[in-house]
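Undergrad: A predicted structure for the sequence below; I have some questions about it.
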Amino acid sequence: MGILEFRWSVIFLRKSGTWFDKEPFLLLNIPIRVCKERSDVFFFSKIKNITTIELATKLADNIVLLDVRTPSEYRQGHIAKAKNVPLNKITAYKEKTDQRIYVICQSGMRSKQAAKQLKQKGYDVINVKGGMNQWSGKVRGGK
């Protein structure tokens, strides 16, 4: 497990009247250690998002698409290239891939949670905003 070390400098200024003097009276150099594997805990990292329209254009390519809905929701209708990995099992996902992973659910909320978990595991992940509610393309299964 790799450790990154940063130094954070804090300058405390003397208060003189209503303004701060320019001369610092105390300078602290604080080391901050961050575990590489869990750097998301300390630094905010946004999950990339795309729309369902953008996803539709990507389906012509060989992409990895995970549908994190429940198996029953998945059976009711899913995108042909989607593999069902329910949100409650996403931490067990261990596929070796250099490819970007696209994640979809019904509305985009569960897929965002799944994307965060996959990103923590080192995957390059993109969340599909709006999920299947916004999908207007062909689906497999369902009625």
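TA: Received it, and whenever you're ready, just let me know what you need.
Undergrad: Same question for the longest helix along the chain: list its buried residues.
TA: Taking DSSP state H as the criterion, the chain has its longest helix at helix 109-120. Residues R110, S111, K112, Q113, A114, A115, K116, Q117, L118, K119, Q120 are the ones in helix 109-120 that count as buried (16 or more other Cβ atoms under 10 Å). Where C-beta positions appear, they are placed from N, C-alpha and C, glycine not excepted.
Undergrad: Show me what secondary structure element comes after it.
TA: Where DSSP states H and E defines the elements, the next helix or strand beyond helix 109-120 is strand 125-128.
Undergrad: just curious, which of the buried residues of helix 109-120 is nearest to Y93?
TA: Proximity of these to Y93 (Cβ to Cβ) peaks at L118, which lies at 6.7 Å.
Undergrad: List of residues touching the longest helix of the chain?
TA: 37-38, 40, 45, 47, 66, 68-69, 85, 87, 90-91, 93, 101, 103-105, 125-128, 131 (Cβ atoms under 8 Å, 6 or more residues apart in numbering).
Undergrad: What of stretch 135-143?
TA: Under Cβ under 8 Å, 6+ apart, the answer for stretch 135-143 is 52, 55-56, 59, 74-80, 104, 132.
Undergrad: Name the nearest residue to I90, sequence neighbours excluded.
TA: A114 (4.6 Å; Cβ to Cβ, 6 or more residues apart in numbering).
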